[in-house]
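Got a sequence here, can you model it:
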Amino acid sequence: MAKGKGGRRLRILPVLIALLAAGGGATYFLVLRKPHKSAPPEESYTIALADLSVNLADTKRPHYLTTSVSIVVKGLKPQPVVEERDAQIRDAVIMVTTQHTYADLLSVEGKEKLKTDIAAAVDGVLAEEKLKVDEVLLTGFLME
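Coordinates of the predicted model:
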């Protein structure tokens, strides 16, 4: 049996569809799709607080903590605001730290909780300035 033009068209049709799909995909990725613009990175600033010595919340036997804390803050031009709010930031860190006990702070989990609590307290101080605590670093830690 001889195949006519209709048989040849049926074989060419899938090839044409594949070529059109490939061409459309290439056009989308090379021409129409605009590159994703990322937001400009926020400035960050590290607040290195002077050493703090505080009484811990223990009631049976007094315990003390001497610590150095650095706080990484993100936002636009945080430096002047941070310098103006130094006393409030230190107060927030002291108030949070004195709520913890010696036993709490012996474990890694306890120290992580302290860091989380400090971040939340300092965020509260800096909230109206549109600054956000990115990280809290304990750069010195001595308990007695």
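
just for this protein, where's the confidence low?
In the predicted model, the chain carries pLDDT under 70 at residues 1-10, 25-42, 76, 78-79.

what about the helices in it?
Under the criterion DSSP state H, helices of the chain are mapped to 5-27, 78-84, 86-97, 102-106, 108-126.

and the last one, what other elements does it pack with?
Okay, so that is helix 108-126. Applying 3 or more C-beta pairs under 8 Å, 6 or more residues apart in numbering; DSSP states H and E, one finds that helix 108-126 contacts strand 64-74, helix 78-84, helix 86-97, helix 102-106, strand 132-143. C-beta: built from backbone N, CA, C; applies to glycine.

now the third one, how far from the chain's geometric center?
Looking back up the chat, that one is helix 86-97. Relative to its chain's centre, helix 86-97 lies at 21 Å (C-alpha atoms, centre = their mean, to the nearest Å).

What of the second one?
Computed by C-alpha atoms, centre = their mean, the separation of helix 78-84 from the middle of its chain amounts to 20 Å.

Only C-alpha atoms, please: export it in CSV.
C-alpha atoms of helix 78-84 as CSV (Å, rounded to 0.1, in the frame of the first residue of the first chain):
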residue,chain,number,x,y,z
PRO,A,78,22.1,51.6,62.6
GLN,A,79,25.3,53.1,64.1
PRO,A,80,24.0,56.5,65.3
VAL,A,81,20.8,54.9,66.8
VAL,A,82,22.8,52.2,68.5
GLU,A,83,25.1,54.7,70.1
GLU,A,84,22.1,56.8,71.3
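
hmm, who's touching it?
Glu43, Ser44, Tyr45, Ile47, Val73, Ile89, Leu126, Glu129, Leu131 (C-beta atoms under 8 Å, 6 or more residues apart in numbering).
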